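Asks: Sharing a model that was predicted from the sequence below.
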Amino acid sequence: MVSFPLVLASVFVVNPIAALAFTPSAHAEPDPDQQFVTTESRKVRCIVQPDNVGCQSNSVDGFMNAPVEHGYRDNNVWVDAGGGPLRWNQSNMPSTDYAAPQNDLVLTYGQVFHLKGWTVEPNSTGTRFTNDVSGHGMFVSVAAVTAF
């Protein structure tokens with residue numbers, strides 16, 4: 001009989017803590033300075049922000065001209081709005097809440113997009129991101145990424 005209240009007490013303590021993990025405040029809100037996009041082929045996913053654009057290869061082989069680190073080809077590349085060298089790394093883009101891939105803007109080939117201060121021109125050979133102020137950017141395809 002003594003153990004019964006102890007069991008109830010431990011159930012009571014666990015439930016409120018578990019419930020806190022599912023409150024609406026635990027969800028991230030969209031950032032108005034970010035736009036997640038994906039190519040029509042779904043081989044490349046990018047995040048467009050006023051100061052930079054970052055793209056991730058969804059291909060098993062990554063970007064073919066990416067540096068190799070620790071035996072693996074880097075799968076992410078970034079370019080700053082002001083130009084400069086490409087920055088490479090191995091990581092994954094966010095994929096939960098508002099940043100889930102199913103919520104990405106699909107870049108339709110042949111259509112020009114104006115996003116967060118960048119002109120985005122996708123076609124079947126790759127996607128060109130040009131900063132509207134500096135004119136710098138990058139051309140992204142699985143075959144190669146180049147900065148300009």
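Replies: Received it, and whenever you're ready, just let me know what you need. If you're wondering where the values come from, they're calculated on a predicted model, not measured in any experiment.

Asks: ok, what's across the strand from the nearest residue to Asp61 once chain neighbours are set aside?
Replies: Using Cβ to Cβ, 6 or more residues apart in numbering and skipping residues adjacent in sequence, the residue nearest Asp61 is Arg73, 6.8 Å away. Bear in mind the C-beta positions are built from the backbone N, C-alpha and C, glycine included. Assessed by DSSP bridges, Arg73 has beta-bridge partners Val68.

Asks: Quick check: Arg73 touching Pro67?
Replies: Yes - using Cβ atoms under 8 Å, Arg73 is in contact with Pro67, at 7.4 Å.

Asks: quick one, which of those two is more surrounded?
Replies: Arg73 (18 against 14; other Cβ atoms under 10 Å).

Asks: what's the more buried one in contact with, if anything?
Replies: Arg73 makes contact with 61-64, 66-67 under the criterion Cβ atoms under 8 Å, 6 or more residues apart in numbering.

Asks: number of nearby residues for Arg42?
Replies: 12.

Asks: just Thr130 next, same as before
Replies: 17.

Asks: Is it in contact with Thr119, as I believe?
Replies: Yes - the criterion here is Cβ under 8 Å, and Thr130 meets it with Thr119 at 4.7 Å.
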